[in-house]
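**Student:** Below: sequence and its predicted model.
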Amino acid sequence: MKETNRFPSTHLVTISSFKDLVSYPNDSDLSWHEKHLVVVPEAESATGEDLTISQVDLDSLIRSKAAMYTILETITLSVGILLNELSKFYVAGTFGSFIDPGSAISIGMLPDLPIDTYQTLGNSSLGGASMALTSCEHIDEIYSIRDSITYLELNVNQDFMNRFSAARFLPHTNRALFPSVS
């Protein structure tokens, strides 16, 4: 799987899949599936059922947030800038629409930037497809963007793997990267 994102700059980066980083434990190991922490008891739940979280859920969250932060860090470093130098951070996609930047920063999923740096775009791929279908001018821009993309193979990048390991803590092993998180 290859994801391509359009950034409002001259540097565009394509990332390879990180499925190995967010894989689940062996399903035959039932000890991962049996234990759940009740976050909201059934009596207080809107569904009438316990709201629980398991070790598998926590592991998936930690790996996903570490992968997201590490990919962002790798992309910016590959074009010669640091995350804290970003003046605007666009969060795209339907999933991105539901991310609370303050909460994401507190667990180390997004870089510790001022909240007003973040701008949610929603389903930007649908908007881009609509623009491409309604204007030849946009097709030329698409080709220009396509021709300036850099592909990064992350699963063979040892620096990426080292940064990923550091990002698997809350919020990160390097607390200096998250000064607003106490």
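**Tutor:** That came through fine.
**Student:** Gly102 and Gly108, how far apart?
**Tutor:** Separation of Gly102 from Gly108 (C-beta to C-beta, to the nearest Å) stands at 13 Å. All C-beta spots, glycine's among them, are computed from the backbone N, C-alpha and C.
**Student:** okay, these two: which has more neighbours?
**Tutor:** Neighbours were counted for Gly102 and for Gly108 using other C-beta atoms under 10 Å; Gly108 has more, 27 against 12.
**Student:** nearest residue to the more buried one other than its sequence neighbours?
**Tutor:** If the residues on either side of it in the chain are set aside, Gly108 comes closest to Pro171, at 3.2 Å by C-beta to C-beta, 6 or more residues apart in numbering.
**Student:** Just the buried residues of the one helix or strand Leu126 maps to, please?
**Tutor:** With secondary structure defined by DSSP states H and E, Leu126 is part of helix 124-134. In terms of neighbour count (16 or more other C-beta atoms under 10 Å), helix 124-134 has its buried residues at Ser124, Gly128.
**Student:** Same question for stretch 74-91.
**Tutor:** Those would be Thr74, Ile75, Thr76, Leu83, Leu86, Phe89, Tyr90, Val91, for stretch 74-91 by 16+ other C-beta under 10 Å.
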